[in-house]
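1. Using only what follows, build the 3D model:
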Amino acid sequence: MNFWNRETEIKFFEEALKSFASPEQLFYKLADGYFAYSPKGKTTEGQTIQSRNSLIGQFTEKWCKDFFQPIANNLGLYAVNSVVCPELGLTNSTDADITFCTTDEANQTAENIKLIFEVKMSIVNNYSFDTTYHKLKFEGDYKSHKGNPSILRSDSMLKAIGKSINIRVSGVESTKIPILILGNSPITDSYKKKVDFLKQAGVVQGFVSLYPNPTESFVKETSERPFQEVKNYKYFAT
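-> Next comes the predicted model:
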C-alpha cells in the first residue's frame, strides 16, 4: 500500500467527478479557473465548498482502512470503519473512524476494540481543473495556497483532541485502548508542546502524518515524538 501522495489526491477528484459531483462541489470557481484552494495572492471571492468535506472524509476513511487492513490481518484483527460503542462514548453521530477489532462489525463492545484511529485528512496540494478537457493540473504544495489542510487546521486538531478526551473519560475500559490521530500534513509550531503533553497525559498515543515529504521544510516530528511523519510501512507493523 502506498502512502498518501499527489496521485492519491488526483484519484479522489477523478472518482468524485465520475460519481456525478460537479466541479463547483470540488473546486473554487475563480476568475481564472477552477482551483482546489485559492492560490496565495487571490481570494475565494466569498465562496465556500463545504460539500467537498464530506466527500474527502468518506474517501480518506476508506483509504486508511485499506492502508491498515494488512496490519490488522497480521494481528488477527479486522480494520473496521464507523464503529459504534456506547461504552466508549462512540455513538452513531460520533462513531470511530477506524478501529482494530476482534470481529468485523460496526457495533462493538469495548473489550473487542484494540486500537482507535481518528482520521483528519484532506486534500493537501493545490490543483486546477480544466472543465473543457476535464484535466487536473498540479499547481503547488500546501505552502502555495491559502488553505490549512488536515491537522494544520486548529479546528481539526481540537475536534480530534475533544473526541479522544470523550473516549478517555467514558469508563475504565477506555483507558486501555490506544488512540492514534491520522493526518496527511505536518502540524503547526503552536501545537508542538500540546501534542507532547497529550501523549504524556495518556489522552492520545500519537499524531501521525501519512504523507511523506509534502514540501521542502516542515515539522517532521516533535521532541517526545507523539507527532511523526511516517515514511515506512514497517513503522506500524512494529
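2. now the residue of the chain most remote from its centre: how far from R52?
-> The centre of the chain is farthest from one residue, T132, which by Cα atoms, centre = their mean lies 31.3 Å away. Distance check for T132 against R52: by Cβ to Cβ, to the nearest Å, it reads 22 Å. Yep, even glycine has a C-beta here, placed from its N, CA and C like the rest.
3. Ok, N232 next?
-> Distance, N232 to R52, by Cβ to Cβ: 30 Å.
4. Repeat that for E14.
-> 14 Å.
5. Those two: who's more crowded?
-> Legend: neighbour count by other Cβ atoms under 10 Å for E14 and R52, higher for R52 (20 against 12).
6. what's the offset of the helix or strand harbouring D196 from the middle of its chain?
-> Using DSSP states H and E, D196 maps to helix 192-200. Relative to its chain's centre, helix 192-200 lies at 19 Å (Cα atoms, centre = their mean, to the nearest Å).
7. With stretch 194-214 instead?
-> 13 Å.
8. could you dump the worst-scoring helix or strand of the chain on mean pLDDT to CSV, C-alpha only?
-> Ranked by mean pLDDT, DSSP states H and E, the weakest helix or strand in the chain is helix 234-237, scoring a mean of 72. The C-alpha trace of helix 234-237 is given here as CSV (Å, rounded to 0.1, in the frame of the first residue of the first chain):
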residue,chain,number,x,y,z
LYS,A,234,7.1,-1.1,8.9
TYR,A,235,6.6,1.7,11.4
PHE,A,236,3.1,0.4,12.0
ALA,A,237,4.0,-3.2,11.8
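9. Who are the packing partners of it?
-> Under the contact criterion of 3 or more Cβ pairs under 8 Å, 6 or more residues apart in numbering; DSSP states H and E, helix 234-237 touches helix 50-74.
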